[in-house]
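Student: Need the 3D shape of this:
(one chain, ligands or ions: 1)
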Amino acid sequence: MNVEAWQAVESERQATRDLRLRELFAKDGRRAERFTLEAAGWTLDYSKNRITPALMRRLVELAEASGVERWRDAMFAGEAINATEGRAVLHTALRNQKAEPLLVKGEDVMPGVREVLERMGEFSDRVRTGKWLGFTGKRIKYVVNIGIGGSDLGPAMACQALQAYAKRSIAMYFVSNVDATHLMETLRAVKPEQTLFIVASKTFKTQETMTNAETAKEWLVQALGDKRAVARHFVAVSTCRELVEDFGIDVANMFGFWDWVGGRYSLPSAIGLPLMIAIGRRNYQKMLKGYFKMDQHFLKAPLARNMPVVMGLLGVLYSNGYGAESYAVLPYDQYLARFPAYLQQLDMESNGKSVDRQGRRVTCHTGPVVWGEPGTNGQHAFYQLIHQGTRLIPCDFIGFCKSHNPSGDHHDKLMANFFAQTEALAFGKTAEECRAEGVAERLVPFRVFEGDRPTNTLLAEELTPETFGALVALYEHKVFVQGVLWNINSFDQYGVELGKVLAGRVLAELVETEPPVLRHDASTNALISRYRAAQGRA
Ligand code: G6Q
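Tutor: The predicted model follows:
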């Protein structure tokens with residue numbers, strides 16, 4: 001982190017650390033308005049944070065000193081900012097609505113982006129209207145996406161998020177785990193002659209995905225009694241044509257993307273195919289428009305009024321200033337149930353790094369732990385710790401004014417909880433207030449809420465494809481900003497490699513018929529031997 005700019009943040013934080021949100025609100029009648037931003041259909045009220053105008057100024061200066069604008073512009077321009085992998089980072093091109101060319105290594109990437117979108121549109125129209133038929137002439141009723149990580153979490157989360165817009169006659173399934181239970185339980189729910197498998201893998205080499213895809217292929221061929229059925233029931237989303245062909249999928253039914261789309265940023269690429277089948281190409285386009293609006297806001301708004309920048313700075317304030325180890329994302333919308341899981345990958349795989357861009361050990365904490373569950377469920381589970389625990393857990397509350405399922409007073413109750421929680425977290429309840437309520441003296445310490453628990457409130461009119469796209473882009477850019485502030489490369493993920501390589505070696509040892517010579521540590525050797533014995537392979 002930029003040392004001087006961070007020190008300025010720190011001294012301002014020290015000067016304001018004893019201020020209470022109660023006082024700050026009482027002193028400044030314009031506080032809520034001052035700390036509220038609007039962008040792409042979203043309102044962000046960040047007034048219930050431990051900030052003052054002066055502290056926000058120091059934070060914005062940190063963003064300036066760290067070169068947030070320079071890095072942002074380089075990313076949007078297609079520069080190879082993913083330096084360790086020598087790649088551009090251009091997920092923003094996938095939703096770019098402008099007519100101008102966008103060059104990567106001298107080549108305009110936009111015609112390719114539009115061409116794939118068009119092919120996805122044609123294909124999803126055919127599936128949705130029943131023109132694409134299975135091998136036995138029946139229409140598709142089940143879509144099973146086989147992918148993992150970035151090739152699963154985005155579309156799985158989005159299909160649930162936008163279920164209100166989905167064609168209900170096509171059921172969507174997502175299989176990711178190499179644990180056969182995931183695939184087998186899914187295959188029990190679908191009929192082979194009416195199932196379309198989408199094998200989604202950027203590399204088309206991922207162990208879990210290829211294992212599941214091979215098993216699904218065997219299942220289908222066996223059920224339909226003909227290898228030719230594969231062509232009508234399997235399509236691929238990948239960057240690797242040869243491997244798709246080797247698997248037996250007709251490349252006419254392959255939807256491509258590019259190495260400048262990182263897995264966890266790939267939802268608006270062809271990886272979004274299951275979502276397009278679910279919600280149709282028009283709604284999908286609206287989602288891309290929502291992404292684009294937030295992209296444009298991120299590009300054009302001054303740093304102090306820039307939603308992803310402000311959220312990124314607040315996160316750094318708590319991580320590095322207050323030592324917060326995690327933050328919670330709490331969507332008050334059941335459709336967004338998988339959003340925290342999606343964000344876990346986006347944030348933790350991007351910023352879970354301990355070396356900076358120059359390869360030096362970082363000197364401050366980087367990416368936080370992200371977690372969360374939909375409200376109000378979380379209130380009956382872990383909110384106790386957020387309200388009265390010893391740890392500081394900044395929270396993002398996400399809610400909508402209108403429900404897709406208006407029924408009685410459900411939505412008013414949901415939103416009453418939504419607003420009340422941030423109020424309770426910010427302002428708490430003093431011992432005097434407890435006593436005034438008649439709380440017995442011996443119980444007062446248990447009934448006090450300290451308050452000053454920081455929250456962001458993100459509110460939109462309705463969960464639509466557009467507001468959804470903008471929300472995802474908001475978090476993408478927030479994570480980007482934090483990566484710049486910490487001077488790390490948010491776009492590689494070498495940390496997932498070691499376990500994969502070791503698993504390859506262990507697999508050979510697990511399945512060998514002759515007792516293998518185990519050369520691990522004593523613990524791993526013993527565990528492998530125990531497993532082999534249980535399989536009768538001692
Ligand atoms: C994402 C990661 C990772 C990746 C999966 C699947 O940023 O790179 O989660 O998406 O490992 O990879 P494939 O799409 O190549 O199967």
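
Student: what residues does the stretch 1-150 of the chain put near the ligand?
Tutor: 148-150 (C-beta under 6 Å from any ligand atom). Glycine gets a C-beta too; all of them are placed from N, C-alpha and C.

Student: Closest to Arg119 out of these?
Tutor: Within these, the smallest distance to Arg119 is 20.8 Å, found for Gly150 (C-beta to C-beta).

Student: quick one, what contacts the closest residue to the closest one other than its chain neighbours?
Tutor: With C-beta to C-beta, 6 or more residues apart in numbering as the criterion, Gly150 has its nearest non-adjacent residue at 2.5 Å, and that residue is Gly263. Applying C-beta atoms under 8 Å, 6 or more residues apart in numbering to Gly263 gives the contacts 149-151, 202, 493.

Student: So which of those residues wins on neighbours?
Tutor: Neighbour counts for these (other C-beta atoms under 10 Å) peak at Ser151, which has 30 neighbours.

Student: My read is that that one contacts Ser266, right?
Tutor: Yes: with contact defined as C-beta atoms under 8 Å, Ser151 reaches Ser266; the gap is 7.0 Å.

Student: Which neighbours do these two have in common?
Tutor: Lys202.

Student: Now do the same for the residue of the stretch 51-200 of the chain found nearest the ligand: its pLDDT.
Tutor: As assessed by C-beta to the nearest ligand atom, the ligand sits closest to Gly149 within the stretch 51-200 of the chain, at 2.1 Å. You'll see Gly149 listed with a pLDDT of 97.

Student: Equivalent analysis for the one 5 residues further on, please.
Tutor: Model confidence at Gly154, given as pLDDT, is 98.

Student: and Gly408, helix, strand or coil?
Tutor: coil (DSSP: H, G, I helix; E, B strand; the rest coil).

Student: Restricted to strands, list the contacts of Gly263.
Tutor: With DSSP state E as the criterion, strands contain none of these.

Student: Quick check: the farthest pair among those residues?
Tutor: So for those, where distance means C-beta to C-beta, the most widely separated pair is Ser151 and Gln493, at 13.3 Å.

Student: how about the nearest residue to Phe35 once chain neighbours are set aside, secondary structure?
Tutor: Once flanking residues are discounted, Phe35 sits nearest to Ser47: 3.8 Å by C-beta to C-beta, 6+ apart. Classification of Ser47 by three-state DSSP places it in coil.

Student: again with Ser490
Tutor: Ser490 - assigned by three-state DSSP - is coil.

Student: Give me the phi and psi angles of it.
Tutor: phi -80, psi 0 (degrees, to the nearest 10).

Student: For it, which residues are in contact?
Tutor: By C-beta under 8 Å, 6+ apart, the neighbours of Ser490 are 350-351, 353, 479-480, 482-483.

Student: Ok, Ala223 next?
Tutor: Here Ala223 is in contact with 192-193 (criterion: C-beta under 8 Å, 6+ apart).

Student: okay, it: pLDDT?
Tutor: Note on Ala223: pLDDT of 98.

Student: do Ala538 as well
Tutor: Reported pLDDT for Ala538: 78.

Student: Surely it and Arg532 touch.
Tutor: Yes: assessed by C-beta under 8 Å, Ala538 is found in contact with Arg532 at 5.6 Å.

Student: Which strand or helix spans Leu288?
Tutor: For Leu288, the host element (DSSP states H and E) is helix 273-300.

Student: Show me what counts as buried in that helix.
Tutor: For helix 273-300, the neighbour count (16 or more other C-beta atoms under 10 Å) marks 273-281, 283-298 as buried.

Student: Work out the gap between it and the centre of the chain.
Tutor: 15 Å (C-alpha atoms, centre = their mean, to the nearest Å).

Student: can you give me the offset of the helix or strand just after that helix from its chain's centre?
Tutor: Using DSSP H and E, the next helix or strand after helix 273-300 towards the C-terminus is helix 307-316. Centroid separation for helix 307-316 versus its chain: 16 Å, with C-alpha atoms, centre = their mean.

Student: Equivalent analysis for stretch 416-432, please.
Tutor: On C-alpha atoms, centre = their mean, the centre of stretch 416-432 falls 28 Å from that of its chain.

Student: pLDDT of that stretch, averaged?
Tutor: The model assigns stretch 416-432 a mean pLDDT of 98.

Student: From the rest of the structure, what touches that stretch?
Tutor: Outside stretch 416-432, the residues touching it (C-beta under 8 Å, 6+ apart) are 21-22, 25, 48, 330, 332, 375-376, 379, 383, 386-387, 395, 397, 399, 444-445, 447-455, 457.

Student: Name only those of those that count as buried.
Tutor: Counted by 16+ other C-beta under 10 Å, the contacts of stretch 416-432 give 21, 48, 330, 332, 375-376, 379, 383, 386-387, 395, 397, 399, 448-449, 451-455, 457 as buried.

Student: Just the ones of these in strands?
Tutor: Filtering these for strands - DSSP E - leaves 330, 395, 397, 399, 455, 457.

Student: Show the contacting residues for the first one.
Tutor: For Leu330, the contacting residues are 340, 372-375, 378, 395-398, 421, by C-beta under 8 Å, 6+ apart.

Student: next one: the lowest-mean-pLDDT helix or strand in the chain to chain centre, how far?
Tutor: Here the helix or strand of the chain ranked lowest by mean pLDDT, DSSP states H and E is strand 103-104, holding a mean of 90. How far strand 103-104 lies from its chain's middle: 26 Å, per C-alpha atoms, centre = their mean.

Student: repeat for stretch 174-185
Tutor: For stretch 174-185 - counting by C-alpha atoms, centre = their mean - the centre lies 21 Å from the chain centre.

Student: Now do Val251, the pLDDT please.
Tutor: Taking Val251 on its own, its pLDDT is 94.

Student: residues near it, how many?
Tutor: 12.

Student: Up against the ligand, what does the stretch 401-538 of the chain have?
Tutor: Near the ligand, when you scan the stretch 401-538 of the chain using C-beta under 6 Å from any ligand atom, you find Gln493.

Student: Mind doing that once more with 8 Å?
Tutor: 493, 496 (C-beta under 8 Å from any ligand atom).

Student: Tell me who's in contact with whatever residue of the stretch 401-538 of the chain ends up closest to the ligand.
Tutor: Across the stretch 401-538 of the chain, no residue is closer to the ligand than Gln493, which sits at 5.1 Å (C-beta to the nearest ligand atom). The neighbours of Gln493, taking C-beta under 8 Å, 6+ apart as the test, are 263, 349.

Student: Thank you kindly, that will do.
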